[in-house]
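*Asks:* My questions are about this predicted structure, shown below with the sequence.
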Amino acid sequence: MTDLLRVDDFRCHDQHLVHVLPGREREATCFARQLLNQGVPAGLFIRGEDVTDWGFLEDATGVEHFEFVDFSRTLSCTKLLPISHAKYLRIVGRKLSIDFTIFTSLQTICYQWHPESSGLESLDALKSAYLYEIGSAKNASPFPLPPSVETLQLVRYFAESIDFIHDMNHLVDLEIIYARNLRALPPLRSLKQLELKNVGRDKFAYDSIPESVEAIIIEACAPVHDWDFVRKISGLKRLVVFKTKCAAPSSAAKSALSLVPLRDLPRGVT
């Protein structure tokens, strides 16, 4: 990464983000555009209750990366219209209802779910989605993700199932963190990487893990009652299981486990 000589006032946790300060919003936007003109990838980082004049977003032409964290309640979806060109959007720390159809080029979204949000399925260019606190809201069932998504992270997912509105044939990387009610995975034909943390309670259908998977990490999840799911995953290259109760594998499952090149399993499993 390029070391930047920047105005200290706008310094941020990420050297390629410009911190928007109260009363100096337009100055920060101008600084970000200057960095972009110098060939430096720069985005805007907006945090706190004090930033209440959102007119500076109208000056953000050319800026494609925006992060809103613990933002003022004065922010609304209509005030995001000037940044409809954004490619990276992070909105966390407070829930904001968004009509995602206003965005034309979003490739990455980090979003704390709002039960009145809409239009996520319209984001044809979306490649990565990091979604937080999805409950049983009507706008999450079926799950409105566009089929273009390749990477998906779900954090604090409260429903019992994941029912996508589209076939997710491009999804290759799935991470689920804290989904105690989840009972099984949906059909995912192209999935390669799977990470489950605090998923399931007494029972989880591990046999719902797709045969296409090449790497699996299971941490603090529902007990693994049998290992037959490994037998059908012929291309499995890495398997890590820890902080999870596991039954002893059958002889056939033990043979299948021995074929996994990289494995880190509880004592007594292999």
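*Replies:* In hand now; what should we look at?
*Asks:* buried set for the longest helix seen in the chain?
*Replies:* Criterion DSSP state H: the longest helix present in the chain is helix 25-37. Neighbour counts over helix 25-37 (16 or more other CB atoms under 10 Å) mark Glu25, Arg26, Glu27, Ala28, Thr29, Phe31, Ala32, Arg33, Leu35, Leu36 as buried. Every C-beta, even on glycine, is put in place using the N, C-alpha and C of the backbone.
*Asks:* Could you measure from the last one over to Val18?
*Replies:* Meaning Leu36. Distance, Leu36 to Val18, using CB to CB, to the nearest Å: 10 Å.
*Asks:* Determine the residues that are contacts of both of those two.
*Replies:* Ala42 (CB atoms under 8 Å, 6 or more residues apart in numbering).
*Asks:* any idea how far the residue lying closest to Arg263 once chain neighbours are set aside lies from Ala248?
*Replies:* What sits nearest to Arg263 in space, not counting adjacent residues and going by CB to CB, 6 or more residues apart in numbering, is Leu239, at 4.6 Å. Distance of Leu239 to Ala248, computed by CB to CB: 16 Å.
*Asks:* where exactly do the strands run in the stretch 1-150 of the chain?
*Replies:* All strands of the stretch 1-150 of the chain, identified by DSSP state E, counting those that start in this stretch, fall at 17-20, 43-48, 65-71, 88-92, 108-112, 128-134.
*Asks:* thinking again about what came up before, just name whatever secondary elements the longest helix of the chain is in contact with.
*Replies:* In terms of contacts (3 or more CB pairs under 8 Å, 6 or more residues apart in numbering; DSSP states H and E), helix 25-37 is packed against strand 17-20, strand 43-48.
*Asks:* before we move on, back to that, a markdown table for the strands of the stretch 1-150 of the chain, including mean neighbour count, distance to Leu191 and mean pLDDT?
*Replies:* Compiled in a markdown table, the strands of the stretch 1-150 of the chain are given as follows (neighbours: other CB atoms under 10 Å; distance: least, CB to CB, whole Å; pLDDT from 0 to 100):
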| stretch | mean neighbour count | distance to Leu191 | mean pLDDT |
| --- | --- | --- | --- |
| strand 17-20 | 24 | 31 | 92 |
| strand 43-48 | 21 | 30 | 93 |
| strand 65-71 | 19 | 28 | 95 |
| strand 88-92 | 20 | 24 | 97 |
| strand 108-112 | 20 | 19 | 97 |
| strand 128-134 | 19 | 15 | 96 |
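*Asks:* Mind putting these into JSON lines with distance to Leu174?
*Replies:* Formatted as JSON lines, those follow (distance: least, CB to CB, whole Å):
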{"stretch": "strand 17-20", "distance to Leu174": "27"}
{"stretch": "strand 43-48", "distance to Leu174": "26"}
{"stretch": "strand 65-71", "distance to Leu174": "23"}
{"stretch": "strand 88-92", "distance to Leu174": "20"}
{"stretch": "strand 108-112", "distance to Leu174": "16"}
{"stretch": "strand 128-134", "distance to Leu174": "10"}
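*Asks:* Please identify which of these is closest to Glu219.
*Replies:* strand 128-134 (18.1 Å; CB to CB).
*Asks:* residues in contact with that closest one?
*Replies:* By CB under 8 Å, 6+ apart, strand 128-134 touches 92, 95, 107-113, 140, 145, 149-159.
*Asks:* just to revisit the earlier point, can you name the residues in contact with the longest helix of the chain?
*Replies:* Residues contacting helix 25-37 (CB under 8 Å, 6+ apart): 4, 6-7, 10, 18-21, 42-44, 51, 53, 55-57, 59-63.
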